[in-house]
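Engineer: Dropping a prediction and its sequence here:
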Amino acid sequence: MPDRRTRITASAAQGELSASLAALRHELGLPEGFPEEAEAEAARAAQAQTTPGSPAVPAADLTEVAFLTIDPAGSTDLDQALHLERDGDGFRLRYAIADVPALVAPGGAVDAEARRRGETYYAPDGRVPLHPAAIGEDAGSLLPGVVRSAFVWDVRLAADGAETSVTVARARIRSQRQWSYAEAQASLDDGSAPEPLALLAEVGPLRIEQERARGGASLNAPDEEIVLRDGAYTLERRVPLPVEDWNAQLSLLTGMAAARLMLDARVGILRTMPAPSAEAFASFRTQTQALGLPWPEDVGYGEYLRTLDHADPRAGAVLQAATGLFRGAGYVVMDGEPPADPLQSAIAAPYAHTTAPLRRLVDRWVLVVCEALCAGRPVPDWARASLGQLPSIMGASGRLASRLDAEAIARVEAALLAAHVGAEFDATVLGVRNGSILIQLQEPAVVASAPRTDGVRPGERVRVRLTAADIATGKVEFEPVPAVSAPRP
């Protein structure tokens, strides 16, 4: 059986995978490059962003504040920079978000192309960005050591991490350092982190406690990642570092603050998700009991998920079952009346997307709406008039991104397994369907289906044999291996 270092090293399989991934881009209609007009417009906007006295450059100066960024290693499209400091017995967070609205003219060529894309798409053989590089990786990116315009959210927190006040305004900032998640975690662990980063280890857990108190639920499931290393693709499952969860809490905090600002003014766009039904919760509770990890009656849903040990194979089956509870996420526009149900049920609060404008279209609208509300100005006409177009754009882009992710992973999985047709693997049953079981191989990290056998239950270990692996389509097939009975004495 392949070990955890399994990679696609055979040149034939590697070449076939590259061709399959290129074909997938074509099948999904992913754009290649940007129209010349959009590239030229982006270059002009980038030039204006660095020209003193330009209307694109805000007057407020926060360049002496020691902002920093925390992102995956090698990132160039940096949407967020943070600065934390003590504020009495509480904290002050300044969270800077890339000023994309200053770089994208409403109705222009870049705007038109961004609306066509909806978001940045991430493929194993390269991403398809929302904006031209002059914006997404240069003038709009909060890179270290350079002055950039940003929407700066100024949030005051009590000693327990509860938000007490929030405003947002445009200002010039200069990030002092770009940290990778691994670098930030190592610095926090060895005590060498500067104060704005060190305080994240205090504020992050406090915000998690706030989430627990309001009944929110973060799955924090291991990430399934396609990694290209030394010219070969591999698939890895990785549990997020603590600093990633703490950093994510700042983004959630900002999104909840944006939602409240817009709800109070009854204008804007929210990210919503209906709460699971009582029947769905009851079914999930029954599943946890069958898996041997029962969900106690007196423990909240989110609290229960946080107790799961990801090293326990039964936990994977529980998390798989949990993903079926929260469905129906979407965007709801309001202009004069609040929505009947503004809640994002997994977060357990109203919420809006606002912290990733370089990579997600809707955030640009939320930023300008919230900034105008805080400044006491009318929401810009272009933003208000086009709010109604966003749910369909974002819905279509979300479906395309999900399909790209699933089908790319399937092709990489097929390539990892192609040389092992006929081999047997140990697997954990994640779920049972009508005529099949959903399994996760122990190594490599592949999730697939196999025919159901009598008596198999989620959380159990099974033995399966690989019968087919088609790199061109990403289709893999397994069959159960019958258990061998011990001979009678």
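Structural biologist: All right, it came through fine.
Engineer: Which residue, neighbours along the chain excluded, lies closest to residue 285?
Structural biologist: residue 295 (5.0 Å; C-beta to C-beta, 6 or more residues apart in numbering). Any C-beta I mention is one placed from the backbone N, CA and C, and that applies to glycine too.
Engineer: what's the answer for residue 480, then?
Structural biologist: Residue 480 sits nearest to residue 453 (C-beta to C-beta, 6+ apart), 4.8 Å away.
Engineer: Let me know the secondary structure of the one you found.
Structural biologist: For residue 453, the assignment made with DSSP: H, G, I helix; E, B strand; the rest coil gives coil.
Engineer: Please work out how many residues are found near it.
Structural biologist: 13 (other C-beta atoms under 10 Å).
Engineer: List the contacts of it.
Structural biologist: Going by C-beta atoms under 8 Å, 6 or more residues apart in numbering, residue 453 touches 437, 462, 480.
Engineer: count of neighbours near the last one?
Structural biologist: So that's residue 480. Neighbours of residue 480 (other C-beta under 10 Å): 17.
Engineer: Verify the contact between it and residue 454 for me.
Structural biologist: No - using C-beta atoms under 8 Å, residue 480 is not in contact with residue 454, being 10.2 Å away.
Engineer: Does the residue nearest to residue 285 touch residue 288 like I think?
Structural biologist: Yes - at 4.3 Å, residue 295 counts as touching residue 288 under the criterion of C-beta under 8 Å.
Engineer: residues shared between the contacts of the two?
Structural biologist: Counting by C-beta under 8 Å, 6+ apart, the shared contacts of residue 295 and residue 288 are residue 304.
Engineer: Can you show me the strands along the stretch 51-200 of the chain?
Structural biologist: 68-71, 80-87, 90-98, 121-123, 126-128, 147-157, 163-174, 177-180 (DSSP state E, counting those that start in this stretch).
Engineer: list the buried ones in the longest one?
Structural biologist: For strand 163-174, the neighbour count (16 or more other C-beta atoms under 10 Å) marks 163, 166-174 as buried.
Engineer: helices or strands next to that strand in the packing?
Structural biologist: Counting contacts by 3 or more C-beta pairs under 8 Å, 6 or more residues apart in numbering; DSSP states H and E, strand 163-174 packs against strand 90-98, strand 147-157, helix 242-265, helix 362-375.
Engineer: picking that back up, could you pull up phi and psi at the residue nearest to residue 480?
Structural biologist: Residue 453 has phi and psi values of phi -120, psi 150 when expressed as degrees, to the nearest 10.
Engineer: Including pLDDT and secondary structure, could the contacts of residue 453 go into TSV?
Structural biologist: Compiled in TSV, the contacts of residue 453 are given as follows (pLDDT from 0 to 100; DSSP: H, G, I helix; E, B strand; the rest coil):
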residue	pLDDT	secondary structure
437	89	strand
462	89	strand
480	91	strand
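Engineer: With respect to residue 361, which of those residues is nearest?
Structural biologist: Taking C-beta to C-beta as the measure, residue 361 lies nearest residue 437 of the contacts of residue 453, at 38.8 Å.
Engineer: Report the contact partners of that closest one.
Structural biologist: 429-431, 449-453, 456, 462.
Engineer: for residue 474, same thing?
Structural biologist: 20, 407, 409-411, 413-414.
Engineer: And the pLDDT at residue 4?
Structural biologist: On pLDDT, residue 4 comes in at 31.
Engineer: now swap in residue 270 and tell me
Structural biologist: With respect to pLDDT, residue 270 scores 98.
Engineer: Also residue 122?
Structural biologist: pLDDT at residue 122 comes out at 91.
Engineer: For it, give the beta-bridge partners.
Structural biologist: Listed beta-bridge partners, residue 122: residue 127 (assigned using DSSP bridges).
Engineer: Would you mind confirming that it is in contact with residue 400?
Structural biologist: No - using C-beta under 8 Å, residue 122 makes no contact with residue 400, being 11.6 Å away.
Engineer: coming back round to it: among the buried residues of strand 163-174, which one sits closest to residue 305?
Structural biologist: residue 163 (23.6 Å).
Engineer: which ones are touching that closest one?
Structural biologist: Here residue 163 is in contact with 155-157, 253, 256-257 (C-beta under 8 Å, 6+ apart).
Engineer: With residue 42 instead?
Structural biologist: 34, 103, 110, 131-135.
Engineer: change it to 7 Å
Structural biologist: Applying C-beta atoms under 7 Å, 6 or more residues apart in numbering to residue 42 gives the contacts 110, 131-132, 134-135.
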